[in-house]
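K.L.:
how would this look folded up:
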Amino acid sequence: MNTLLTIFLSEEVNAFSLITPNPGLAIWAFIIFVGLILILGKFAFKPIATALKDREKSIEESLMQADKARFEMANLVAKNEQLLEQAKEERTAIIAEARDVAEKLKAEIVEKAKSEAEQKVKEALVEIEIQKKAAIVEVKNTVGELAISIASKIVRKELTSDADHKAFAQKMIQESNLN
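P.N.:
Sure thing, here's the model as predicted:
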């Protein structure tokens, strides 16, 4: 058996060489290579190419969706800026309107207070005038009563001289307590 193995190895070693071309081996290698290319073309290259095209399409769609989302986001940001600006303008307008209303209300309150004060002053002046007239009437009545009283006393007592008249008038004045 050892001999058979040595014979087989010696023939094989001499028959097969990588440097020496063997036409039969080259033909079989070419046939296997072409067959492998055909099988890979039918079962592997086509699905791989289809998968690559599908992947390319999905990447393009993703990029288009990202651009669309970026555009929509820019629009939303612009709308938000616009809404914020409108809100600021409305706030400013509301504050200005509130200030105007407050100023008008303040002016109305001040005007009302002034008119009420003027009305009170007028009423007080009317009351003072009434009290003054009443006091004057009372003084006139008192003076009239006093004059009548003095006159009636003078008439009752006829005085003969001027000195008697003056003394009597002085006495009447002291009795009437008008000092």
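K.L.:
packing partners of whichever strand or helix holds residue 89?
P.N.:
Using DSSP states H and E, residue 89 sits in helix 46-156. Contacts defined by 3 or more C-beta pairs under 8 Å, 6 or more residues apart in numbering; DSSP states H and E place helix 46-156 against helix 162-176. Where C-beta positions appear, they are placed from N, C-alpha and C, glycine not excepted.
K.L.:
specify the angle between the helix it packs on and helix 46-156 in degrees.
P.N.:
Helix 162-176 runs at 140 degrees relative to helix 46-156, counting by axes from the mean of the first three to the mean of the last three C-alpha atoms, to 10 degrees.
K.L.:
in helix 162-176, what counts as buried?
P.N.:
For helix 162-176, burial by neighbour count (16 or more other C-beta atoms under 10 Å) applies to residue 172.
K.L.:
quick one: mean pLDDT for it?
P.N.:
Helix 162-176 comes out with an average pLDDT of 76.
K.L.:
give me the neighbour count for residue 115.
P.N.:
The number of residues packed near residue 115 is 10, by other C-beta atoms under 10 Å.
K.L.:
do the one 10 residues further on as well
P.N.:
Close neighbours of residue 125, defined as other C-beta under 10 Å, add up to 10.
K.L.:
can you give me the pLDDT of it?
P.N.:
pLDDT for residue 125: 93.
K.L.:
look up how far residue 149 lies from it.
P.N.:
Plainly put, residue 125 is 35 Å away from residue 149 if you go by C-beta to C-beta, to the nearest Å.
K.L.:
centre of the chain to stretch 124-138, how far?
P.N.:
60 Å (C-alpha atoms, centre = their mean, to the nearest Å).
K.L.:
next: stretch 85-99.
P.N.:
Here stretch 85-99 is found 8 Å from its chain centre; the criterion is C-alpha atoms, centre = their mean.
K.L.:
what do you get for stretch 54-74?
P.N.:
38 Å.
K.L.:
and that stretch, what's its mean pLDDT?
P.N.:
Summarised as a single mean, pLDDT over stretch 54-74 is 95.
K.L.:
send me it as CSV with only the CA atoms.
P.N.:
Provided in CSV are the C-alpha atoms of stretch 54-74 (Å, rounded to 0.1, in the frame of the first residue of the first chain):
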residue,chain,number,x,y,z
ASP,A,54,-35.2,49.9,-4.2
ARG,A,55,-32.7,51.2,-1.6
GLU,A,56,-31.8,54.1,-3.9
LYS,A,57,-35.4,54.9,-4.4
SER,A,58,-36.1,54.8,-0.7
ILE,A,59,-33.1,57.0,0.0
GLU,A,60,-34.3,59.5,-2.6
GLU,A,61,-37.8,59.4,-1.1
SER,A,62,-36.4,59.9,2.3
LEU,A,63,-34.3,62.9,1.1
MET,A,64,-37.4,64.4,-0.6
GLN,A,65,-39.4,63.9,2.5
ALA,A,66,-36.7,65.5,4.6
ASP,A,67,-36.6,68.5,2.2
LYS,A,68,-40.3,68.7,2.3
ALA,A,69,-40.3,68.5,6.1
ARG,A,70,-37.6,71.1,6.3
PHE,A,71,-39.6,73.4,4.0
GLU,A,72,-42.7,72.8,6.1
MET,A,73,-40.8,73.5,9.2
ALA,A,74,-39.5,76.8,7.8
